[in-house]
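>>> Quick one, what's the 3D model for this:
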Amino acid sequence: MTAPLSPAPTAPPGAEHTHREIAQQPELWRRVDRIVTDARPRLDAFLAPLLADPRLRVVLTGAGTSAYAGEILRTTLAAHTGRRVDAIATTDIVADPRGCLGEDLPTLLVSFARSGNSPESTAATAAATALLGTCAHLIVTCNAEGDLARLHQDRPESHVLLMPPEAEDRGFAMTSSLSCMLLAVLLVLGERPAGGVEPLAEAASAVVGDALGKRVDAFTAGAPDRVVYLGSGALKALAGESALKLLELTGGAVVSWADSSLGFRHGPKAFLTDRTSVVVYVSNDPYTRRYDLDILAEMRAALPPGRVVAVAGRPEGLPDDEGTWLLPGMADADDAALALPAVVCAQRVALRASLGRGVRPDNPFPDGEVNRVVQGVTVYPLSER
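Numbering: from 1, shown residues only. Modelled structure (predicted):
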């Protein structure tokens, strides 16, 4: 029997950091709420003039997991602000700055960064400043001493929003750093979740504890060779992050794929074998939900029992069995908010799959093939045209 992911030091050797960092998220989210509340006067003074301009373009950026934060938030922030919102990875901005930032519009660049020391983090902000006539920066990071925070700390066109220091994950993969930064920007630029942050924290507590955790662990007990994550809208981006987390923490031992609920049929369905497991994130939007339920039923008919699960906030249309992971208190949540406790499910799946394969999730690449902070990147000077 596996131990619940309590904050107590009960993790197997090689998983201490990752175990703790997944488990600490409910309490860190409460602290993020207080951080944003305390910073609200300064944030409003910084953001209000920008958001007052109907031409404003908001660009959400980061690399790897940090890029998925922006993709999850994009549509809900656009709906709330009434402004154009794009999610563009720093890796795309650095490689093709004029293609990504070629429109000279007033821009707010929102940068997500765990450490702020990845070369693309600072290079993306530099490219935006160089190419755009008006560019403000909201830096959301877990590391006050990182390159990105130090570069922007005293700039009048920048605001640095620091997460709790414990959110700078010491494990290899981003877990609490992702969810804290995602929550912070949802609170800053989006609509406050119904009931505030507490229902989100309680739903995550059900995942890290036994209430839902046992179902998550049973899913990984089948030792799938491949896992597919599917979702629509914001939950498609969540599927991408979930697949990345599994690939990272298992050191590539479990192959993963992510797609939209409709897109999966258009070729990627060839990924399925009888050793594949599927996770479907089911939208709370009544219209979008129909497509998620359709692919869920199709996958359940195609694969052996126990290989397909649904992660959802509301029970309508879902089977009442072990393959439904119902997140408590999330029935009325926007999909971007639903993604917060849902991503904890993906993190727990990845952790258990890693341990089941004999991989040490705190350092799944002991030979350094892949690094916690990316290495080997050369940033070339941006030439004038």
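>>> Tell me where the protein has strands.
Ranges of strands in the chain, per DSSP state E, are 57-61, 84-87, 107-113, 135-141, 158-162, 226-231, 255-260, 276-281, 308-312, 324-326.
>>> Just give me the neighbour total for L47.
L47: 18 surrounding residues under other CB atoms under 10 Å. (C-beta placed from N, C-alpha, C; glycine too.)
>>> Against L108, how distant is it?
Distance, L47 to L108, using CB to CB, to the nearest Å: 8 Å.
>>> Report the set of residues contacting both of those two.
Common neighbours of L47 and L108, counting by CB atoms under 8 Å, 6 or more residues apart in numbering, are L138.
>>> What is the burial count for H80?
As a burial measure, H80 scores 17 neighbours (other CB under 10 Å).
>>> okay, now the residue nearest to S261 when sequence neighbours are not counted: neighbour count?
The shortest distance from S261 to any non-neighbouring residue, by CB to CB, 6 or more residues apart in numbering, is to I295 (4.3 Å). With neighbours defined by other CB under 10 Å, the count for I295 comes to 25.
>>> pLDDT wise, what is I295 at?
On pLDDT, I295 comes in at 98.
>>> quick one, what contacts it?
For I295, the residues meeting the contact criterion (CB under 8 Å, 6+ apart) are 230, 261-262, 264-265, 280.
>>> could I get these as CSV with distance to L382?
Compiled in CSV, the contacts of I295 are given as follows (distance: CB to CB, whole Å):
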residue, distance to L382
L230, 38
S261, 39
L262, 38
F264, 38
R265, 41
V280, 42
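>>> Let's see the PyMOL selection covering just the buried ones among those residues.
The PyMOL command for the buried members of the contacts of I295 (criterion: 16 or more other CB atoms under 10 Å) is given here:
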select buried, resi 230+261+264+280
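>>> biggest separation within the contacts of I295, which pair?
Farthest apart among these by CB to CB are R265 and V280. That separation is 13.2 Å.
>>> I'd like to know how many residues surround T273.
Counted with other CB under 10 Å, the neighbours of T273 add up to 10.
>>> Give me the spatial nearest neighbour of it, chain neighbours excluded.
Leaving aside its sequence neighbours, T273 sits nearest to R226 (CB to CB, 6+ apart; 6.5 Å).
>>> how close does the one you found sit to S177?
Computed with CB to CB, the distance linking R226 and S177 is 27 Å.
>>> go on, L293?
When distance is defined by CB to CB, L293 is 32 Å away from S177.
>>> Looking at these two, which is more packed in?
Using other CB under 10 Å, the more surrounded residue of L293 and S177 is S177, with 28 against 19.
>>> which residues touch the residue most central in space within the chain?
The structure's the chain has its C-alpha centroid closest to A69; by CA atoms, centre = their mean the separation is 4.4 Å. Listed by CB under 8 Å, 6+ apart, the contact set of A69 reads 60, 62, 112, 178, 181-182, 185.
>>> Show me which of those residues is closest to R98.
R98 lies nearest to L60 out of the contacts of A69, by CB to CB, at 19.1 Å.
>>> And the helices in the stretch 201-350 of the chain, which stretches?
Per DSSP state H, counting those that start in this stretch, the stretch 201-350 of the chain carries helices over the ranges 210-221, 234-249, 286-302, 335-356.
>>> Can you say which of the ones you listed is nearest to L382?
Comparison of the helices of the stretch 201-350 of the chain against L382 by CB to CB identifies helix 234-249 as nearest, at 28.2 Å.
>>> got the angle between that closest one and helix 335-356?
Angle, helix 234-249 to helix 335-356, by axes from the mean of the first three to the mean of the last three CA atoms, to 10 degrees: 20 degrees.
>>> Now do the lowest-mean-pLDDT helix or strand in the chain against helix 335-356: the angle between them, please.
Counting by mean pLDDT, DSSP states H and E, the chain has its least confident helix or strand at helix 210-221, which shows a mean of 89. Angle between the axes of helix 210-221 and helix 335-356 is 50 degrees (criterion: the same axes, to 10 degrees).
>>> in helix 210-221, what counts as buried?
210, 212-213, 215-217, 219-220.
>>> Where does pLDDT dip in the stretch 251-385 of the chain?
Regions of the stretch 251-385 of the chain meeting the criterion pLDDT under 70 cover residues 371-372, 374, 384-385.
>>> try 90 this time
274, 364-379, 381-385 (pLDDT under 90).
>>> dump the residue contacts of P164.
Residues near P164 by CB under 8 Å, 6+ apart: 28, 31-32, 35, 142, 180.
>>> Would you convert the residues you listed into CSV that also reports distance to L272?
As requested, the contacts of P164 are exported to CSV (distance: CB to CB, whole Å):
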residue, distance to L272
L28, 36
R31, 41
V32, 38
I35, 43
C142, 37
C180, 35
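>>> Show me just the buried residues among the residues you listed.
28, 31-32, 35, 142, 180.
>>> Go through these and flag which are in helices.
Secondary structure from DSSP state H places 28, 31-32, 35, 180 of the buried ones among the contacts of P164 in helices.
>>> Switch those residues over to JSON lines; also include distance to A136 and pLDDT.
Output for these, formatted as JSON lines (distance: CB to CB, whole Å; pLDDT from 0 to 100):
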{"residue": "L28", "distance to A136": "27", "pLDDT": "98"}
{"residue": "R31", "distance to A136": "26", "pLDDT": "98"}
{"residue": "V32", "distance to A136": "22", "pLDDT": "98"}
{"residue": "I35", "distance to A136": "20", "pLDDT": "98"}
{"residue": "C180", "distance to A136": "22", "pLDDT": "98"}
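>>> Could you export those residues as CSV, including distance to S242?
Formatted as CSV, those follow (distance: CB to CB, whole Å):
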residue, distance to S242
L28, 20
R31, 24
V32, 21
I35, 26
C180, 18
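>>> If anything else comes up later, I'll come back, but that's it for now.
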